[in-house]
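# just coords:
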């Protein structure tokens, strides 16, 4: 039940944020899809996950509600810490290194081995970079990797 409540609140928040982001426009155009593409695509992915949580059959949990215990609270606080760290490091380290660190942290938080976490973090970061920077022409900060850009 906790996961469905969380998914419902998060889906509502995604709708509000998407409504606010939809009207966003910059006074100058510096990218073909505009400044709202990145937040709208992320909100769409989050909303898709919320809908999946809301519509999943109740048999997935075998009728048992996972307890809201110390481990669950630790994971929630660790996730919050990872998100804050990602926001703080995004500009200075750049999109790719900050995303790799975030991906590794999230994978480790949910039981991935170090190798699995490293591979998934690198694939996630590079895949998102190629999608936004190359395919959608949304400029992302390179940070410490700026010297590699040609």
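Received the coordinates, thanks. Model, not experiment: these values are computed from the prediction.

# helices along this protein, start to end?
Listed in chain order, the helices of the chain (DSSP state H) span residues 2-22, 37-55, 70-93, 95-109, 114-129.

# would you format those as CSV with mean neighbour count and distance to residue 147 included?
Placement of C-beta: from N, CA and C, glycine included. Rendered in CSV, the data for the helices of the chain read as follows (neighbours: other C-beta atoms under 10 Å; distance: least, C-beta to C-beta, whole Å):
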stretch, mean neighbour count, distance to residue 147
helix 2-22, 14, 32
helix 37-55, 15, 24
helix 70-93, 13, 13
helix 95-109, 20, 13
helix 114-129, 15, 16
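
# those helices: which one's closest to residue 138?
The minimum distance between residue 138 and those falls on helix 37-55, with 5.6 Å, by C-beta to C-beta.

# what sits up against that closest one?
Taking contacts as C-beta atoms under 8 Å, 6 or more residues apart in numbering, the residues outside helix 37-55 that touch it are 3-4, 6-8, 10-11, 14-15, 17-18, 21-22, 24, 31, 132, 136, 138.

# the inter-axis angle of that helix versus helix 2-22?
For the pair helix 37-55 and helix 2-22, the angle between their directions (axes from the mean of the first three to the mean of the last three C-alpha atoms, to 10 degrees) equals 150 degrees.

# from residue 144, how far off is the spatially most central residue of the chain?
In the chain, the C-alpha closest to the average C-alpha coordinate belongs to residue 42, at a distance of 6.6 Å (C-alpha atoms, centre = their mean). When distance is defined by C-beta to C-beta, to the nearest Å, residue 42 is 23 Å away from residue 144.

# picking that back up, nearest to residue 148, out of the helices of the chain?
Each of the helices of the chain has some distance to residue 148 by C-beta to C-beta; the shortest is helix 95-109, at 9.7 Å.

# that closest one packs against which elements?
Helices and strands touching helix 95-109, as assessed by 3 or more C-beta pairs under 8 Å, 6 or more residues apart in numbering; DSSP states H and E, comprise helix 70-93, helix 114-129.
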